[in-house]
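have a look; sequence and predicted model below, questions after that.
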Amino acid sequence: MPELPEVETIAARLRKGGRNHASTPPLLGKRIISAQVFWERTLAEPTLEKFKQKISGQLIREISRRGKFLLMDVSGETLLIHLRMSGDLLVETDDKLLSTYYRMVLSFEDGIRLALNDPRKFARVWLTANPDALLSHLGPEPLAADFAPDLFYRRLVARRRQLKPLLMDQSFLAGLGNIYTDEALHQAGLHPQRISTSLDIRDAERLWMSIRHVLKEGIRRNGASIDWVYRGGDFQNYFRVYQRNGEPCPVCDTPIQRITVGQRGTHFCPQCQRLEE
DNA sequence: CACGAGACCTGTTCGC
DNA sequence: TGCGAACAGGTCTCGT
């Protein structure tokens, strides 16, 4: 489910509380009373015993995001959550029933709970004093002020790879997944299988702009909500190519095509995104 | 180094 | 209707 805009939306909701439809209290400044883990592999680090003991009584001091990781600072340590394919975080009160797909629940003071809902069980949670061990391999934040187009160009031509798998490589750039990569490449008019070294500075600048534009739009729409994992965003209504195979390209009306690139379903316009000039 | 296949998981949708 | 295959917003590890 979650790429950068979805994780950013969730982080903001946990920080400030839910706005629009679902009104939930902020977790910032709240104290954790206890933890329950229903699928052991969800907890990557430390052991279940140590985790329960260390997390109890902790105050949430800060909530942030790096790439697709959600970070919650507690005293001396950081709680990191990666939602992978089907994870979601729900804030609720403890008179609600636990869902079958809850893999971990943190109970806060005032009867508030944070539930990690994750049907496919891919999500992972870490509690560590050294979050950099997990985060240091990540590439730049695409929305950061110091992520400049010329830096992006240099990184692109430093490797010889197809654009789509390269953009989704978290060590190259942190935060893009299948949806936003397809959308950004379409907007930039670049074929997903175009080789990175073949780009000139103008191509790179266009792609830089498209990536940032698409991510900002995603955040503005509170992320995308598709399938049965609904979370309140509506960016799915603004997809130009993702899961729109057969539908007309919004730019030129050519039917959108679906191919497989790097084992991932890939959507593009064969007219706007040509392999060779 | 780059790439493909297979794992990890469960649920939905599609095709016969 | 039923049943298997394909597919799903991610990442890791292994072999070539």
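Perfect, thanks for sending it. Note that the coordinates shown come from a computational prediction; the quantities given were computed from them, not determined experimentally.

residues touching A:Leu138, list them.
A:Arg66, A:Gly67, A:Gln170, A:Ser171, A:Ala174 (CB atoms under 8 Å, 6 or more residues apart in numbering). For every residue, glycine as well, the C-beta is placed using N, CA and C.

so which of those are in strands?
A:Arg66 (DSSP state E).

are any of the contacts of A:Leu138 buried, and which?
Neighbour-count burial (16 or more other CB atoms under 10 Å) is assigned, among the contacts of A:Leu138, to A:Arg66, A:Gly67, A:Ala174.

tell me the spacing between the second one and DNA strand C.
If you measure A:Gly67 against DNA strand C using CB to the nearest atom of the strand, to the nearest Å, the figure is 6 Å.

need the pLDDT of that residue.
pLDDT for A:Gly67: 98.

quick check: chain neighbours aside, which residue is closest to it?
Among residues not flanking A:Gly67 along the chain, A:Ala174 sits closest, at 3.2 Å (CB to CB, 6 or more residues apart in numbering).

my guess is the one you found contacts A:Arg65. True?
No. Using CB atoms under 8 Å, A:Ala174 is not in contact with A:Arg65; the gap is 9.7 Å.

okay, and the common contacts of those two?
Common neighbours of A:Ala174 and A:Arg65 (CB under 8 Å, 6+ apart) are A:Leu4.

ok, back up a step: which of the buried ones among the contacts of A:Leu138 sits closest to DNA strand B?
Of all those, DNA strand B sits closest to A:Ala174, with 16.8 Å by CB to the nearest atom of the strand.

return the residues of chain A in contact with DNA strand C.
A:1-3, A:6, A:67-68, A:82, A:84-85, A:120, A:122, A:168, A:170, A:177-179, A:223-227, A:229, A:231, A:233, A:263-265 (CB under 7 Å from any atom of the strand).

buried subset of those, written for PyMOL?
Per 16+ other CB under 10 Å, the buried members of the residues of chain A next to DNA strand C correspond to this PyMOL selection:
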select buried, chain A and resi 1+2+3+6+67+68+82+168+177+178+179+223+224+225+229+231+233
